[in-house]
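Peer 1: 3D model of this:
(chains A and B)
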Amino acid sequence: MNEDNSPSQLTRLSTAAAAGVLLWISRTLLGLLIGYPILLAIRASAMGAGPERDAVLFQPGSLLLLELLRLGAPWLASALRVALLLSLLSAVIELIPLAVALDLLWLPGRPLRERVENALRFFLRFLALGAIALLVQAALLLAASLLGAALKPALSSSDERLQNIAPLALIGLGLLACGWFGCVLDIARATLVRRGRRECGARAALAHALLCLRQRPFSVLIGAYPSVAGSALGYLSAAWLVTRLDPATHSSGVIALCFGGHQLAVLFAIAWRVRWLAAALDLSRSTR
Amino acid sequence: MRRITLDLLIGAVFSALSGLLLRALLLSTGATPSPSRRLEKPEPAWPALAAGATKVASYEIDARLDADVHRITAKETIHFINRSTAVLNELWFHLYLNAFKNDKTLFLRSPFGAGRSGDKAHEYGYVDVKKLTVVAGDGEDLWAKRDRHSPDDPEDETDLRVPLPRPLEPGQTLDLELEFEDQLPELVERSGFIGSFHFMGQWFPKLARLLPGGAFAHFAFHPQSEFYADFGDYDVSLDVPSGFQVGATGSRMRESQAKGRTRLDYHAENVHDFAWTAWDHFEARSERIAGTQVTVLYPPHQQENAQAELASVRFALPHFNALYGAYPYPTLTLVHPPEAAANAGGMEYPTLITTGGPWFSTFGGGHFIDVVTTHELGHQWFYGLLASNEHTEPFLDEGFNSYAEAEALEAHYGSGSVFAAFGLSVSSTALNRLISAARGQDEKINQGAAEFATFRSLGALVYSRTAIVLGTLARVYGSQRINHALGVYTRKFRFQHPTTADFLGVMQSELGDSAVTALTQAFSERASVDYLVREISNAPISAAAGVFDGPTGRQQKKPEQPHQPAQYASRVVVYRHGTLQLPVEIALGFEDGTNQLRHWDGSGSTFNVDNVGPSQLVSVNVDPEQRILLDDDRSNNWLSTQGSSLPLCRERMLYAAQLLLGAFGP
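Peer 2: Numbers count the residues shown, from 1 in each chain, chains lettered A, B, ... in the order given. Just a heads-up that it's a prediction; the model follows:
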């Protein structure tokens, strides 16, 4: 496909679905990896060794859940550290399926092997972009928290609500700014994938994304809003559904329903993310 | 442009729906009362309620607050009756405001911070007694003859002896007049000021409790200790700057304004302390609940907290009335201190309690406001009406009250009595057990407040472990029986000063020897219990084989194949570690899906559970109903031959990791 020939609606839908499934599979596999140390720690505590297995941990009142935290605290703390390290590693690994997904959305007809090779070629540049984004986002949050600290003396005579809310609001604004920079980052990634064959560097991609932000600020800043709000809606819907089930019954039907509800939520969030990635490709393309 | 509008629209719809869901998840599960059990009907066999206390020391105080310099100038008259059997030659005064006089007092000298709040004083406070005379006496200033410091502690002036000019015979009365001045400290725990907020606890010279034998139960103000005093009547006039709202022990009888000042007269009968607060920013809300006029004083913008506190009292006051005997006073005042004075929160005085919490306490699924309000309200019985010695037996008020609090909260909110949102619920019992199991055997429960190694240790043992001891008994013997026994105790010793022996006496008559043995061991002997299983054994049964000599001669029987259908002998050995002996149920699960429940009275250190049947034993669960809350380790209470599997945890872990990657991944 070249830049002037748009794929048909059906092709767009099928490639979006393929990209979504790819992201879901990678997130599921990496999720299993991240959760594994914690599962080992819970198993070591013997709290799931009884006839009701781990359903006892979900009993109302949490008597045995707190017992797990008390008895298994040393193992759980270590497992949590390992899980966080694995999360970092997974976030890096996830750049590869993300690059493949972007490639799928950009060029539907390419063979999978070629896509993976491309994704591996982009990997270092994706990583560099991620590092830049991390630095910028850390700086934004630091600025927000410093501003909050600077405001504290000025607010000391105001009412308690304002004293509590103002620093939180600033952190919220910082997070929002981080989110917006995340949108720019996605456009930079899209630019890299789109210009892949022209050997576009990370710096040039970021410059292009910032140019896009200057030219079409509303499209960039609002484009990811459905994705973020959709994720929240999906996760909260799943939480609402699962709170209506009683996991302490230990029935396989309940477990299946919990799994189904949660995975639907993840898929829903990914679907809206894919929609935004496609939009990011379009925004990158239409920026001159 | 069309795309932007569409994105905005979709995002807004999603956000609105998310907001509704979030609200449902936080509020509906967090606030909907789900009573787990109904309160038992009042029993016909309750002891009669005493109308009032035997009064020993009554006080009339006329106090003026100078809010700008945080000073109180006062005159005090004490009407004292020698109710003991001995002739008295001295009196003991508690001047607990002197605890905040300097960094060398018993209260402040610890390098690890003072008392329950851990706070050090920033601006110091003290009480100066100007004069102490006998009413209608010769005008001699008795204060000049006082001891200069607390016994054996030259740095402390909180516990002072005053010799009497003449012996006071049993039954004789003595009226004393004092003039004193308080310089309030910047708030340390519940005494002092923050800005224009003032809280006056332990603010006036007060007599130590006179024991029946003629000794005084006097003690210097220790950072881990609370109080002990005689019952009496209090008539207190408070003169504060106009514009200050006042909350105090007792009922407001009169109010008058003059020269920019407000004068308020308070009267309280059958109480053993008087505390008050004054602040020019308080807002007030009042309501009649179960025959009592309940007033909440709260900071501006904390209407939600005040409403939650009233709602809490609406449930807990009638609940406690039914369980422990009717609240006998016409008023109850709740004081919610401002956030800057949070240390003044969470405290009990007769007819006045302090609550606390930031303005957002009612948001989310936590029941923090209910927990603190219910706890402090419970103290109106376990401290107010049953005025035990909080210095030597703190578990009698704090521990029993922690049980009462947990019982009431769980009756109100069910399993989510501490927290309930997003499908997770945490009960008071679970939280108490967590703390109790973590530090439960560090020290014994029944010891003086000052004897505990640290306040954290006191907190774990006196508050949480006592509640768990009573909670275990409630689950083993039945909550109705325990609550009835507690109801008998609270009625029988109302307006008195009960001791551990008094409590055990009631338990003896209501629950019998085994309960008293368990209580004594648990409270006074650091006793513990841990039930555990180690292995499950199954063996197919076949007819005995071998060489047998019988009346008909020698017979040889060859081993046979196991019976068809097979019979199995199954055995599991249950062990009891620790010295507490409590009856326990043991649930057995068999391969064919059948279950059995066995009972062990807890005697001995092991119990063999044997079974012969068509199916192999595949699982055992000791105490499946989780009645033995004192069980040290619940992870060894069960075994399953089918091994450990964690399907729910696996599912939740996967989802949590996916959420994490979704939020922070690329």
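
Peer 1: I'd like to know how many residues surround residue 26.
Peer 2: Here I'm looking at chain A. Counted with other Cβ atoms under 10 Å in any protein chain shown, the neighbours of A:Ser26 add up to 20. In short, each C-beta sits where N, CA and C put it, glycine included.

Peer 1: that answer is for a different chain, and I need it for chain B
Peer 2: For B:Leu26, using other Cβ under 10 Å, the count is 17.

Peer 1: contact partners for it?
Peer 2: Contact analysis of B:Leu26 by Cβ atoms under 8 Å, 6 or more residues apart in numbering or on different chains lists B:363-365, B:421-422.

Peer 1: just the residues you listed that are near chain A?
Peer 2: Counting by Cβ under 8 Å from any Cβ of the partner chain, B:Phe422 from these sit close to chain A.

Peer 1: and the contacts of B:Leu26, which two are furthest apart?
Peer 2: Greatest spatial distance among the contacts of B:Leu26 (Cβ to Cβ): B:Phe363 and B:Phe422, at 13.6 Å.

Peer 1: okay, those two: which has more neighbours?
Peer 2: Between B:Phe363 and B:Phe422, counted using other Cβ under 10 Å, the more crowded position is B:Phe422 (18 against 12).

Peer 1: show me what contacts B:Leu210?
Peer 2: Shown here is B:Leu210, whose contacts under the criterion Cβ under 8 Å, 6+ apart are B:56-57, B:82-84, B:88, B:216-217, B:230.

Peer 1: from chain A, how far out is it?
Peer 2: Distance, B:Leu210 to chain A, by Cβ to the nearest Cβ, to the nearest Å: 45 Å.

Peer 1: sec struct for the residue in the stretch 151-300 of chain B that chain A sits nearest to, please.
Peer 2: Of all residues in the stretch 151-300 of chain B, B:Pro300 sits closest to chain A, at 6.6 Å by Cβ to the nearest Cβ. Assigned state for B:Pro300: coil (three-state reduction, DSSP: H, G, I helix; E, B strand; the rest coil).

Peer 1: run a quick neighbour tally on it.
Peer 2: So B:Pro300, with other Cβ under 10 Å, has 13 neighbours.

Peer 1: next: A:Gly172.
Peer 2: A:Gly172 has 12 neighbours, counted by other Cβ under 10 Å.

Peer 1: circling back: which pair of the contacts of B:Leu210 spans the longest distance?
Peer 2: Within the contacts of B:Leu210, B:Asn82 and B:Ala217 form the most distant pair, 14.9 Å apart (Cβ to Cβ).

Peer 1: neighbour count winner among those two?
Peer 2: B:Asn82 (19 against 16).

Peer 1: after the helix or strand harbouring B:Pro163, next one along is what?
Peer 2: Under the criterion of DSSP states H and E, B:Pro163 resides in strand B:159-168. Next helix or strand after strand B:159-168 toward the C-terminus (DSSP H and E): strand B:173-183.

Peer 1: and the angle for that following strand with strand B:159-168?
Peer 2: 160 degrees (axes from the mean of the first three to the mean of the last three Cα atoms, to 10 degrees).

Peer 1: partners of strand B:173-183, with directions?
Peer 2: Sheet pairing for strand B:173-183, assigned by DSSP bridges, gives strand B:71-81 (antiparallel), strand B:126-134 (antiparallel).
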